[in-house]
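# Structure here, sequence nowhere to be found:
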């Protein structure tokens with residue numbers, strides 16, 4: 001995904017190749033907009049798959065975003081190992097109906 005549309009409820013998913021998702025003890029999904037972290041979601045907020053973690057943004061959250069955002073995931077495994085994804089830039093596009101419906 002390289003873009004999202006304001007007012008929608010996109011799901012951001014991270015797929016793991018070498019990490020056993022069952023061993024993730026802590027996870028922080030963050031969204032930066034305008035240089036500040038404006039959304040932070042945790043492992044308990046995620047949809048957990050066998051090889052993935054996914055978070056869904058709300059309509060209100062996407063309506064408040066700047067035109068370019070960055071997303072990142074940090075996690076810690078049960079053995080104390082910490083990992084982080086690369087920072088990804090996403091483009092936020094306008095919507096003809098920019099309100100929560």
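Great, that's in hand. Keep in mind that what you see is a predicted model, and the values were worked out from it rather than measured.

# At which residues are the helices of the protein located?
Per DSSP state H, the chain carries helices over the ranges 59-63.

# Quick check: which ranges of it have low pLDDT?
Residues of the chain that meet the criterion pLDDT under 70 lie in 1.

# can we see that at 90?
1-2 (pLDDT under 90).

# Please enumerate the strands of this structure.
Using DSSP state E, the strands of the chain run over 3-5, 11-15, 24-33, 36-42, 47-48, 52-56, 68-77, 82-84, 88-93.

# Tell me which residues are up against the last one.
Strand 88-93 is touched from outside by 1-6, 62, 65-72, with contacts defined as C-beta atoms under 8 Å, 6 or more residues apart in numbering. Using the backbone N, CA and C atoms, a C-beta is placed for each residue, glycine as well.

# Quick check: PyMOL command selecting the buried ones in those.
Command for PyMOL that selects the buried part of these, burial taken from 16 or more other C-beta atoms under 10 Å:
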select buried, resi 4+6+62+65+69+71+72
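
# Just the closest of the contacts of strand 88-93 to residue 22, please.
The closest of the contacts of strand 88-93 to residue 22 turns out to be residue 72 (C-beta to C-beta; 22.0 Å).

# Contact partners for that closest one?
29-30, 32, 84-88.

# any idea how far residue 44 is from it?
Noted for residue 72: a distance of 18 Å to residue 44, by C-beta to C-beta, to the nearest Å.

# tell me the phi and psi of residue 87?
Main-chain dihedrals, residue 87, degrees, to the nearest 10: phi -70, psi 130.

# That one: what's it in contact with?
70-72.

# again, 10 Å this time
Applying C-beta atoms under 10 Å, 6 or more residues apart in numbering, we find residue 87 in contact with 30, 32, 70-73.

# Please apply the same query to residue 86.
By C-beta under 10 Å, 6+ apart, residue 86 lies in contact with 70-73.

# And for residue 82?
Residue 82 neighbours (C-beta under 10 Å, 6+ apart): 26, 74-76.
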